[in-house]
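Enquirer: what follows is a predicted protein model with its sequence.
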Amino acid sequence: MKPIWTLARREMAATFDSPIAYIAGVVFLVATGLLFFFGLGGSDDYFTAREATLRPLFDYAPWVLAVILPAVTMRLLAEEKKSGTLELLVTMPVTDLQIVLGKLLGAVGFLVVALLLTLVFPALVLSIGHPDLGAIAGGYIGLLLVGTAFLSLGVMTSTWTHNQIVAFIVGLLLCAFFWTGTDALLKTLFEQPPPALQLLNFQTQFSDFARGVLDLRSVLYFVSVTAVAVVASTYSLQSRHWK
Amino acid sequence: MTATATSSTNPAAVIQVRDLVKKYDTKLALNGVSFDVRAGEILGLLGPNGAGKSTSMKILTTYVSATSGQVTVDGKDLASDAVAIRAMLGYLPESTPLYNDMVVYDYLTYVGEMRGFDGATCKKRIAEVAATVGIRDVIGMAIGTLSKGYKQRVGLAQALLHNPKILILDEPTSGLDPNQIVEIRNLIRDLGKNHTVILSSHNLAEVRQICDRIVIIHRGAVVADGTVDELEGKMANSHRLVVALTPAAGTQADAVRSGLAGLPGVRSAVLSHHSTLPVAADTFEIEATTDIRPEIAKWAQTAGHGLVELRRKSMDLESIFQQLTHDA
C-alpha cells in the first residue's frame, strides 16, 4: 500500500506544481458556476427553476469534468515515458498495478479538491432555502464516481503514448463517448437498442445520483468501469515486456 | 571464446545470465548472451552502440523481459521474483532520467519512500548518500537546474539510497566533461569496494581503469569475457607499436619506414605523423608478430636515428573488435 500513497502524494504535488491544475480548476469552477446560474438558455438554471436545488450543478458538472480531467491525467504516464523516468519507476520494488493505482489516486486527489471548491454552491443554496441534503450528498457521490471513471480513462490513454496532447485528445474523446456518445452510436447501430447496452451510458447511470437516488447498481457500474480501465492501464504498462 | 560463462552454475556468481535472447519485433537485439557477475566485482559491459549492452541491462533490471533465456540474481529467478530482485538493485539508466521539476531532497525522499523507508531512516540515508556522491551543496535545488555532472550524481544517489547489493550503471560517464568523467569514475571505483557493480561503456580506457572484468558484447553476443590482462593476452599474436624517431641526418622519412618494415617480425609500418616541436620527429605505427621493441631500439641506435618514443599502443576498442569479430 505504501508505494501507492507515496506515488499519489507525489503526483498530487506535481499536479499542483504545474499550471494545469489551476487552469483546470478555474475552468471547472467558472464553467460550472456559469451553467449553474444561467444554464444553457432553457428553464433549468438556478434562477429560472426557483427551487432550492443543486440539480443544475449536477446536470452540468460532468460535462465540464469530461473536458478538464483528461487534461489532469494526460501527463501521468506519457511524461514518464517521454522523459525516460518510467524506466526508474517500474524498476523500483513496486508492481505495475501499484503504479497505476498511485497515479489514479493522485488524480482523484485533484478531483476531490475541485469538488470541495464547488461546495460554495450548496452553501449558497442552504443560505436561502431548504434543499434536500440527501440529494446533494448523492449528487456529490455521483460526481466523485463519474469523475474517477473519467480519470481512469485518462490514465489509460496516458499509458498508450508518450505524447501528452495525444493522451489528452484521446482521453477527452473517450470520456465524451462514454458520457453521451454511446447513445448516438447505439441509435445508428440499432433501430431498437437493447436496454442492456443503453446502460453503458455514463449519463444514464449518473441521472439517479443527480436526483439524489443512490442506486447500488450505478455505483457498481462506475466502480467496474474504473477497474477495467485500471487493469487495461496495467496491461498497457506491462506490454513493454513483450514488445 | 568465453572463459567462464559457459559453465552452468558458478557458486561465486551473484548474477548468472544464461542464453539470453531478446527480439524487438523482427530485430534480434540479444542472441544467446551468457555471463556471470561475481560478488564484489566491477564488471564492464563493453561494446559499440547498438551491441546489446543497454538491452542486457534493461533485462537485468526487470524493465523488459527476455524473449528466452534465464537470469538468476542472488539465487532468485528474474522471471518469477522480479519485485524482490528490484529491491536488491540500484539502477542508473542511460542519460539519467530524473524529475526535473523536483528538488533533489524531495526526489530522494520520494525514492526512499517508494523503497519502503520510514521518515527517519530516509533522512539518515539521504544524508549519507549525499555525502558519498557529493551533492550536499545542491540538495535544496531543483534537479532541472543542475549541471550534467550533478544530475549524474543525483542519479547515482537514487541508485544507492537503499544500499543495494548490486549497482547497474548504463553508460554512467557519457555526455560528461573530462573533469566530471574523472570524478564519476573515481566515485564508481569507491562504490565498487562495497557493491557489486555492472557498468556499460563503449570506452575501453574507462573500463580498463574501473573494472575488474570485462564482457564484450558485439551484435547481441558475448565475444570476449575476462580480465583486461586476459583479453590483452588473447591479442598477443598481434602487437601494435608506436615509434617516433628523429631521422639520422640526410635520411628521408620513407627510408626510415622501409628500414622499420624490413625488421624481422614486422607486418606493416606506416608513417602516421610528422612533428617539428618540441623536437623534429617522424612517428610510425608498426604491427608486428611479437613485441620487438628491443630490436627497434637497437636498430635505431645502429642506424643513427634519435629515438624519441617507443611504446606499445594500447588496444583501442576498435582493434579489439576487429580481432574478436574477425572470423565471426
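Expert: That came through fine.
Enquirer: would you confirm that A:V225 contacts A:F150?
Expert: No - at 9.4 Å, A:V225 does not count as touching A:F150 under the criterion of CB atoms under 8 Å. Yep, even glycine has a C-beta here, placed from its N, CA and C like the rest.
Enquirer: who has more neighbours out of those two?
Expert: A:F150 (33 against 21; other CB atoms under 10 Å in any protein chain shown).
Enquirer: what about that one, distance to chain B?
Expert: For A:F150, the distance to chain B equals 25 Å [CB to the nearest CB, to the nearest Å].
Enquirer: cool, and A:I136?
Expert: Applying CB to the nearest CB to A:I136 and chain B gives a distance of 37 Å.
Enquirer: how about that residue, what does it touch?
Expert: By CB atoms under 8 Å, 6 or more residues apart in numbering or on different chains, the contact set of A:I136 is A:L54, A:P122, A:V125, A:G212.
Enquirer: now render the residues you listed as JSON lines, adding neighbour count.
Expert: Output for the contacts of A:I136, formatted as JSON lines (neighbours: other CB atoms under 10 Å in any protein chain shown):
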{"residue": "A:L54", "neighbour count": "25"}
{"residue": "A:P122", "neighbour count": "18"}
{"residue": "A:V125", "neighbour count": "19"}
{"residue": "A:G212", "neighbour count": "21"}
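Enquirer: show the contacting residues for the most centrally placed residue in chain A.
Expert: Nearest to the mean C-alpha position of chain A, by CA atoms, centre = their mean, lies A:G147 at 2.3 Å. A:G147 is in contact with A:P62, A:L65, A:L69, A:V108, A:L111, A:L115, counting by CB under 8 Å, 6+ apart.
Enquirer: surely the third one and A:F150 touch.
Expert: Yes - A:L69 sits in contact with A:F150 when judged by CB under 8 Å, with a separation of 4.4 Å.
Enquirer: spit out the residues that contact the two alike.
Expert: A:C175.
Enquirer: and the residue of chain A found nearest chain B, backbone torsions?
Expert: Residue nearest to chain B within chain A: A:G84 (3.3 Å; CB to the nearest CB). With angles defined as degrees, to the nearest 10, A:G84 sits at phi 90, psi 0.
Enquirer: neighbours of it, how many?
Expert: Residues lying near A:G84 (other CB under 10 Å) number 16.
Enquirer: may I see the buried residues of the helix or strand hosting B:L271?
Expert: Assessed by DSSP states H and E, B:L271 sits inside strand B:266-275. With burial defined by 16 or more other CB atoms under 10 Å in any protein chain shown, the residues of strand B:266-275 counted as buried are B:V266, B:A269.
Enquirer: what lies in contact with it?
Expert: So strand B:266-275 is contacted by B:238, B:242, B:244, B:253-254, B:257, B:260-261, B:281-289, B:292 (CB under 8 Å, 6+ apart).
Enquirer: now those residues: which count as buried?
Expert: Buried, going by 16+ other CB under 10 Å: B:242, B:244, B:257, B:260, B:281-288, B:292, out of the contacts of strand B:266-275.
Enquirer: nearest to B:G40, of the residues you listed?
Expert: B:G40 lies nearest to B:V242 out of those, by CB to CB, at 36.2 Å.
Enquirer: show me what the helix or strand containing that closest one is packed against.
Expert: Secondary structure from DSSP H and E places B:V242 in strand B:239-246. Using 3 or more CB pairs under 8 Å, 6 or more residues apart in numbering or on different chains; DSSP states H and E, the elements in contact with strand B:239-246 are strand B:266-275, strand B:281-288, helix B:293-303, strand B:306-312.
Enquirer: tilt between it and strand B:306-312?
Expert: Here strand B:239-246 points in a direction 170 degrees away from that of strand B:306-312 (axes from the mean of the first three to the mean of the last three CA atoms, to 10 degrees).
Enquirer: show me what the next helix or strand after strand B:239-246 is packed against.
Expert: Next in sequence after strand B:239-246, counting helices and strands by DSSP H and E, comes helix B:253-261. Helices and strands touching helix B:253-261, as assessed by 3+ CB pairs under 8 Å, 6+ apart, comprise strand B:266-275, strand B:281-288, helix B:293-303.
Enquirer: how about the longest one: buried residues?
Expert: Right, the one you point to is helix B:293-303. So, applying 16+ other CB under 10 Å, buried residues of helix B:293-303: B:R293, B:I296, B:W299, B:A300.
Enquirer: hmm, B:H305 is touching B:A244, no?
Expert: No - counting by CB under 8 Å, B:H305 does not reach B:A244; the two are 9.9 Å apart.
Enquirer: tell me the pLDDT at the residue nearest to B:M102 when sequence neighbours are not counted?
Expert: Take B:M102 and drop its neighbours on the chain: the residue closest to it by CB to CB, 6 or more residues apart in numbering or on different chains is B:I143, 5.7 Å away. At B:I143, the pLDDT value in this model is 96.
Enquirer: B:I143 reaches B:K151, doesn't it?
Expert: Yes - counting by CB under 8 Å, B:I143 touches B:K151, with 6.6 Å between them.
Enquirer: what about the longest helix along chain A, average pLDDT?
Expert: Ranked by number of residues, the top helix in chain A under DSSP state H is helix A:133-160. The average of the pLDDT scores along helix A:133-160 is 94.
Enquirer: neighbouring contacts of the following helix or strand past it?
Expert: The element immediately downstream of helix A:133-160 (helix or strand, assigned by DSSP H and E) is helix A:164-176. With contacts defined as CB under 8 Å, 6+ apart, helix A:164-176 is touched by A:65-67, A:69-71, A:73-75, A:77-79, A:82, A:150, A:153-154, A:156-158, A:160-161.
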